[in-house]
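K.L.:
Just need the structure, nothing else, for what follows:
(one chain, ligands or ions: 1)
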Amino acid sequence: MRFPSVVLRSIAVSSIAFRSVLLRAGLALALVLGVVPLAFAHAVLVSSTPADGASAPAGPLALQLRYNSRIDAGRSRLSLDGPAGAGQVLKLDADPAAQDRLAAHIEAMPGQYVLHWQVLSVDGHVTRGEVKFTVTGQ
Ligand SMILES: [Cu+2]
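P.N.:
Numbering: from 1, shown residues only. Sure thing, here's the model as predicted:
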């Protein structure tokens, strides 16, 4: 009878496929267990003023970025693309009491802005991102 050998072969093939699935599931689990806790230690942007996608009136504008953990403001950086040019590095407001945020002030003219942030969190990891906002005329 040939039938049983065909069945056996197909069981062997599906067993290899099953092991490969198990291996992948194991790797995925290891990634989840091993990498996600580290990712939580990085500085993640919690909120910003202006908020991403928001509008603000022209004139003096306070920029603030708040993170989920303490950051090293001395090794963090804000730069701004706007109607006055791209890559303008902003002078950060010093506030030793606010160790989880970056702040700066600008005199904003109407236009589209992209605020680029790069922060060093206390766990030694650098994260980056951007906040886009619009400044409207009076
Ligand atoms: Cu980290």
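K.L.:
Run through the bridge partners of Ser81.
P.N.:
Careful, residue 81 is Asp and not Ser. Beta-bridge partners of Asp81, counted by DSSP bridges, are Val114.
K.L.:
Next: Arg77.
P.N.:
Gln118.
K.L.:
Would you mind measuring from it to Leu92?
P.N.:
Between Arg77 and Leu92 the computed distance is 8 Å (C-beta to C-beta, to the nearest Å). Any C-beta I mention is one placed from the backbone N, CA and C, and that applies to glycine too.
K.L.:
which residues are in contact with both of those two?
P.N.:
Listed contacts common to Arg77 and Leu92 are nil; contacts here mean C-beta atoms under 8 Å, 6 or more residues apart in numbering.
K.L.:
nearest residue to His105 other than its sequence neighbours?
P.N.:
Distances taken as C-beta to C-beta, 6 or more residues apart in numbering place Ala62 nearest to His105, at 5.6 Å, with adjacent residues excluded.
K.L.:
Kindly export the helix or strand where that neighbour lies (C-alpha atoms) in CSV.
P.N.:
Assigned by DSSP states H and E, Ala62 belongs to strand 59-67. Listed next in CSV are the C-alpha coordinates belonging to strand 59-67 (Å, rounded to 0.1, in the frame of the first residue of the first chain):
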residue,chain,number,x,y,z
GLY,A,59,4.0,86.8,17.3
PRO,A,60,5.8,85.6,20.4
LEU,A,61,5.4,81.9,20.6
ALA,A,62,6.4,79.5,23.4
LEU,A,63,7.5,76.1,22.2
GLN,A,64,7.4,73.2,24.6
LEU,A,65,8.0,69.5,24.3
ARG,A,66,7.2,67.1,27.2
TYR,A,67,8.6,63.6,27.4
